[in-house]
Structures are given as C-alpha cells and as structure tokens.
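Engineer: Sequence plus the predicted model coming up.
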Amino acid sequence: MISAMSVVGIDHVQLAIPPGGEVAARRFYGEVLGLTEVPKPEAMRVRGGMWFQAGPVGLHLGLEVGMRPSAKAHPALVVTDLAVLRARLVAAGCEWRDDPEIPGLARGHTRDPFGNRIELIQE
C-alpha cells in the first residue's frame, strides 16, 4: 500500500551556468531581476555556483563545464510589476519577448547571460 503523502511546493529550481559565469550571474539575477543572493552551505561552496532567493522559492545556479542553455525548460518567476521589470531588462540589454498566448495573463520571456530561458509572470 502507498502511504499518504503529498508534494506541497517547490523549494528551488536549479539552472546551469558555465564556470567563470558568477559575475554575469550576479549582475543578471541580483541586480537586474532583484533576487537576493544567499550563502550556500559551507560543505557545498567548493562546487562553486550560487544561490538566490525569491520569496519562498530558491534559484540555484550550478557550474557545469560545457553547459548548454535550457532553451525550452525554464523557471517561471511570479513578479509584482512586469512593466517595471521588462523596462529594467531592456535597459540592461537583455532579450525580452511578450507572450500573450494565455488571455488575461501578463507574461513574457527573457534569457539570462548564458542563454537559459526565464519566464516572468505578473502576479
């Protein structure tokens, strides 16, 4: 018999970045998107990479030699003001594409400096 349990949320999403990408990642995820960098546990720091927090959800960036950007799979981050964030992305030279495919939902896509797709959805 299967025990009664349920999944109750997402703790974090992990994306790959290339070794040496930390400065660009901090600029994009920290400065442009406004996520808060949080320290990795001591035992995990030797692997490199970094962790960011967005409300209750973590975004972990792991170093991967020969990484290939995630063109289809992506995190979808909920934001409070999509227009302001879109303007910050464009001003920073980031790609932006509005996505009106779901009626009544303001959303769009950008890419991080490494080509990973990031969806942003208006709360």
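Structural biologist: Yep, it's here.
Engineer: buried sites along the longest helix along the chain?
Structural biologist: Criterion DSSP state H: the longest helix present in the chain is helix 82-91. Residues of helix 82-91 classed as buried: 82, 85-86, 88-89 (neighbour count, 16 or more other Cβ atoms under 10 Å). (Glycine included, C-beta is placed from N, CA and C.)
Engineer: Closest one to residue 38 out of the residues you listed, please.
Structural biologist: Of all these, the one with the least separation from residue 38 (Cβ to Cβ) is residue 85, at 20.4 Å.
Engineer: Can you tell me which of the buried residues of helix 82-91 lies closest to residue 101?
Structural biologist: Among these, residue 82 lies closest to residue 101 (Cβ to Cβ), at 15.0 Å.
Engineer: neighbours of the closest residue to residue 48 other than its chain neighbours, just the number please.
Structural biologist: Nearest in space to residue 48, with sequence neighbours left out and distances taken as Cβ to Cβ, 6 or more residues apart in numbering, is residue 63 at 4.3 Å. Counted by other Cβ atoms under 10 Å, the residues lying close to residue 63 total 17.
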